[in-house]
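Peer 1: Here's my sequence, what's the structure:
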Amino acid sequence: MADSTQQPVPSVDGHDGENDGERSRIDGATVRHMLEVATTWLERHVSVVNALNVFPVPDGDTGTNMHLTMRAAVEAVRRVADEGAGAVVRAAAQGAVFGARGNSGVILSQIVAGLSRGVGDTRSISSAELARALAEGASNAYRAVTRPVEGTILTVARAAGDAAIECVTQARESVSTVLGAAMAGAHRAVQATPLQLPILKQAGVVDAGGEGYRLILEGMGFALRGEALPAAGEMPLPLPAVQMDADDGTISPEDDPLAGEWGYCTQFVIVANDGEDLSVETVRDDLQVLAVSTMVVGGDGFVRIHGHTEDPGSLLTRAVQYGRVQRISIEDMDAQAERWRMAAGRVGDRSEGEMSGETADLDAPLADVAIIAIAPGEGFASVFRGLGASEVVLGGQTMNPSAQEILDAARRAHARTVIVLPNNGNVVLTAKQASSVAAESLGADRSILVVGSRTVPQGIGAMMAMTFGAEPEAIVSAMTGALTSIRTVEVTRATRDVVINGVDVRVGDVLGLVDDDVVAAGTDIDDVAIRSLEQAGAQTAELLTIYRGADVSNADASRVAAAVQSRFPDLAVETMTGGQPHYDFIISVE
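Peer 2: Numbering: from 1, shown residues only. Next comes the predicted model:
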């Protein structure tokens, strides 16, 4: 990306950059410049933010995801002709929403969308308007997440907005002063994140997403003051401002805010009564307290609701006050999880008629249902195609696909309903964002449903539970039920020293994880793999499938498989090519 930091600061309110700190309003050109510089500043710190990954594995990608999301926002801004500040921020929001990658990128995109809502259509932004927009950005991000977790980018964004609001209520301050107050608030919140998330304290780091947002605000400040960015150099990790005491307890990492779905999957459409307005925001704020994994989208007189609740009746009763409730679908996910288990069998057991994987003819009639899978390597991609996936998007750790890439794949899949298997905890939220804009992007007659697979083995298990020809909601329920029967072991290399979950890890160690939790470390890969499998319950499993990574030879994979077979002689052990980067082995325990 071209460095925009040496461009002259755009004129604001009739002056050419003098007394930048005293500006009372900023126009669209200045906002564009601030976004460009902030993106460049974040880009220079990507490796630092990535290194704040809680786990010492070589796939921390929060900085990468946030930078790519900001870059998508800037690219959208550069295409807009309107020079009004509101139009510029609105374009940034649209670009960020469609270009968001990973959980951190999706939440960042919702912050930018909230900024746009707070700014509105104004031609220039005052200090008070900026403060309100920053606060609205944080509020919008909180609303977008069903179960907000404190000590994350959400907390930092709220602290920045609160500090900005407090600044303008005390006196009539300049835009630069208000932004400076937001930056200070963000800095304090970042330093305090380990006090709110014990896993951060245990790992000795601050929250990566929060630090990324702080850097964005800091870059905007450089641009607004007309200062050149400091020269790039060796940048130390930001350290917490709290004492990192040893913790003897075992702490599991916080899952993404949309994990842990349960209860009745309840979906319906509210159609506005004649002559009445229907506010998506009002419906969302009211109904999301009654359900988890809530998704509320709509426009032009209708709102579509999806949520998981233990009491569908209460949700529907609340909904009827807004209009006519139609297209009601209620699925008992707990019962489905009991009825649907992954059928025993191997990847190669499917018939040729179920192994298309070819891109659909876009001029042909829409298919009823198609599957999209996210896969981290060509070996896994071949497995998903063999199981019937219409499209495979290459991605995963270190390179999460954007919402736009998922939408593009859905368009190629050419079906009325596309079911997405994210196969990575950091892609689930992005897939759900793509789902929320599917009708707008693909057409009113098309939709995207998301199965919350958080690992590749879970995605393969979900594919094997699919019943071709069933209704989309029944397919999703069956695939979701299959997720509970799979445990995933990952074997990789540690990138730093740390004590986590009671495991003493040294840089360069072989590291074993079970369902994203660190469980073993050592110098012998066979030993670490076996200890991790024991933690995953391999003693009582029936089938282990070992997927070798891109840098692992057939001979090494065979040696590990032999060691595993020797330890678990009653298990069926298979070895296949996954082709994934960073991880020597990904092992499915069924």
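Peer 1: downstream neighbour of the helix or strand bottoming out on mean pLDDT in the chain in the secondary structure list?
Peer 2: Lowest on mean pLDDT, DSSP states H and E among the helices and strands of the chain sits helix 333-339, with a mean of 47. Downstream of helix 333-339, the next assigned helix or strand under DSSP states H and E is strand 367-375.
Peer 1: Centre of the chain to that next one, how far?
Peer 2: 19 Å (Cα atoms, centre = their mean, to the nearest Å).
Peer 1: Other residues contacting that strand?
Peer 2: Contacts with strand 367-375, where a contact means Cβ atoms under 8 Å, 6 or more residues apart in numbering, come from 360, 381, 383-384, 388-396, 401, 406, 409-410, 413-424, 427, 431, 456, 459, 463, 466, 472, 475. From N, CA and C alone the C-beta is placed, and that goes for glycine too.
Peer 1: hmm, 7 Å instead?
Peer 2: 360, 381, 384, 388-396, 401, 406, 409-410, 413-424, 427, 456, 459, 463, 472, 475 (Cβ atoms under 7 Å, 6 or more residues apart in numbering).
Peer 1: Sketch out the helices for the stretch 401-550 of the chain, chain order is fine.
Peer 2: According to DSSP state H, counting those that start in this stretch, the stretch 401-550 of the chain carries its helices in the segments 403-413, 428-436, 438-442, 456-464, 472-482, 525-535.
Peer 1: ah, wrong one, I meant the stretch 1-150 of the chain
Peer 2: 28-44, 46-50, 62-79, 85-99, 102-119, 127-144.
Peer 1: cool, the stretch 151-300 of the chain as well?
Peer 2: For the stretch 151-300 of the chain, the helices defined by DSSP H, counting those that start in this stretch occupy 153-170, 175-196, 198-203, 208-225, 280-287.
Peer 1: CSV for these, including distance to residue 502?
Peer 2: Formatted as CSV, those follow (distance: least, Cβ to Cβ, whole Å):
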stretch, distance to residue 502
helix 153-170, 27
helix 175-196, 18
helix 198-203, 10
helix 208-225, 23
helix 280-287, 41
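Peer 1: Quick one: closest of those to residue 116.
Peer 2: Judged by Cβ to Cβ, the one of these that comes nearest to residue 116 is helix 280-287, at 13.3 Å.
Peer 1: What helices and strands are in contact with the closest one?
Peer 2: Judged by 3 or more Cβ pairs under 7 Å, 6 or more residues apart in numbering; DSSP states H and E, helix 280-287 is in contact with strand 292-299, strand 302-309, helix 312-319.
Peer 1: quick one, that helix and helix 312-319 angle?
Peer 2: Orientation check (axes from the mean of the first three to the mean of the last three Cα atoms, to 10 degrees): helix 280-287 against helix 312-319 gives 140 degrees.
Peer 1: who's in contact with the residue nearest to residue 167 when sequence neighbours are not counted?
Peer 2: Nearest residue to residue 167, sequence neighbours excluded (Cβ to Cβ, 6 or more residues apart in numbering): residue 181, at 3.8 Å. Counting by Cβ under 7 Å, 6+ apart, residue 181 touches 163, 164, 167.
Peer 1: and which of the residues you listed is nearest residue 523?
Peer 2: If you rank the contacts of residue 181 by distance to residue 523 using Cβ to Cβ, residue 163 comes first, at 47.6 Å.
Peer 1: Compute the number of surrounding residues for the spatially closest residue to the closest one that is not a sequence neighbour.
Peer 2: Sequence neighbours aside, residue 185 is the residue nearest to residue 163 in space, at 2.8 Å (criterion: Cβ to Cβ, 6+ apart). Other residues lying near residue 185 total 25 when counted by other Cβ atoms under 10 Å.
Peer 1: dump the residue contacts of the closest residue to residue 417 other than its chain neighbours.
Peer 2: The spatial neighbour of residue 417 that comes closest, neighbours along the chain excluded (Cβ to Cβ, 6+ apart), is residue 472 at 4.1 Å. Contact partners of residue 472, counting by Cβ under 7 Å, 6+ apart, are 369, 417, 419, 449.
Peer 1: Now that we have those, can you turn them into TSV and tack on distance to residue 588?
Peer 2: TSV is the format used below for the contacts of residue 472 (distance: Cβ to Cβ, whole Å):
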residue	distance to residue 588
369	25
417	27
419	20
449	23
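Peer 1: What is the nearest of those to residue 66?
Peer 2: Set against residue 66, the nearest of these by Cβ to Cβ is residue 449 (26.9 Å).
Peer 1: Would you mind measuring from that closest one to residue 222?
Peer 2: Applying Cβ to Cβ, to the nearest Å, the value for residue 449 to residue 222 is 43 Å.
Peer 1: Please identify which of these two sits among more neighbours.
Peer 2: Each of residue 449 and residue 222 has its neighbours counted (other Cβ under 10 Å); residue 449 has more, 21 against 18.
Peer 1: Report the beta-bridge partner residues of that one.
Peer 2: residue 419 (DSSP bridges).
Peer 1: quick one: contacts for it?
Peer 2: So residue 449 contacts 417, 419, 435, 472, 476 (Cβ under 7 Å, 6+ apart).
Peer 1: cutoff 10 Å now
Peer 2: Residues in contact with residue 449 (Cβ atoms under 10 Å, 6 or more residues apart in numbering) are 265, 267, 306, 369, 417-420, 431-432, 435, 438, 472-473, 475-476, 479.
Peer 1: Can you go through those and name the buried ones?
Peer 2: 265, 267, 306, 369, 417-420, 431-432, 435, 438, 472, 475-476, 479 (16 or more other Cβ atoms under 10 Å).
Peer 1: Checking residue 583 next. Helix, strand or coil?
Peer 2: Following DSSP: H, G, I helix; E, B strand; the rest coil, the label given to residue 583 is coil.
Peer 1: Neighbours of it, how many?
Peer 2: 28.
Peer 1: list the buried ones in stretch 494-502?
Peer 2: By neighbour count with 16+ other Cβ under 10 Å, stretch 494-502 contains the buried residues 494, 495, 496, 498, 499, 500, 501.
Peer 1: Give the bridge partners for the fifth one, please.
Peer 2: Taking DSSP bridges, one finds residue 504 as the beta-bridge partners of residue 499.
Peer 1: So it is in contact with residue 505, correct?
Peer 2: Yes: proximity of residue 499 to residue 505 meets the contact threshold set by Cβ atoms under 10 Å, at 7.0 Å.
Peer 1: any residues in contact with both of these two?
Peer 2: With Cβ under 10 Å, 6+ apart as the test, residue 499 and residue 505 both reach 518, 521.
Peer 1: Confirm for me that residue 405 is in contact with residue 99.
Peer 2: Yes: counting by Cβ under 10 Å, residue 99 is a contact partner of residue 405 at 9.1 Å.
Peer 1: The two: which has the busier surroundings?
Peer 2: The neighbour count for residue 405 versus residue 99, taken as other Cβ under 10 Å, is higher for residue 99 (22 against 19).
Peer 1: Find the residue at the geometric middle of this structure.
Peer 2: Centroid check for the chain by Cα atoms, centre = their mean gives residue 103 as the closest residue, at 2.1 Å.
Peer 1: Need the per-residue pLDDT for that one.
Peer 2: At residue 103, the pLDDT value in this model is 78.
Peer 1: buried residues in stretch 106-126?
Peer 2: Within stretch 106-126, the residues scored as buried using 16+ other Cβ under 10 Å are 106-119, 122, 124-126.
Peer 1: returning to what we had before: distance of the residue nearest to residue 167 relative to residue 43?
Peer 2: Residue 181 is 25 Å from residue 43, by Cβ to Cβ.
Peer 1: For the buried residues of stretch 494-502, give me a markdown table that also has pLDDT and distance to residue 276.
Peer 2: Shown next, in a markdown table, are those (pLDDT from 0 to 100; distance: Cβ to Cβ, whole Å):
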| residue | pLDDT | distance to residue 276 |
| --- | --- | --- |
| 494 | 89 | 59 |
| 495 | 85 | 56 |
| 496 | 85 | 57 |
| 498 | 87 | 56 |
| 499 | 89 | 59 |
| 500 | 88 | 54 |
| 501 | 87 | 53 |
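Peer 1: re the thing from before, could you tell me the least trusted of the helices of the stretch 401-550 of the chain?
Peer 2: Note on the helices of the stretch 401-550 of the chain: helix 438-442 shows the lowest mean pLDDT, a mean of 88.
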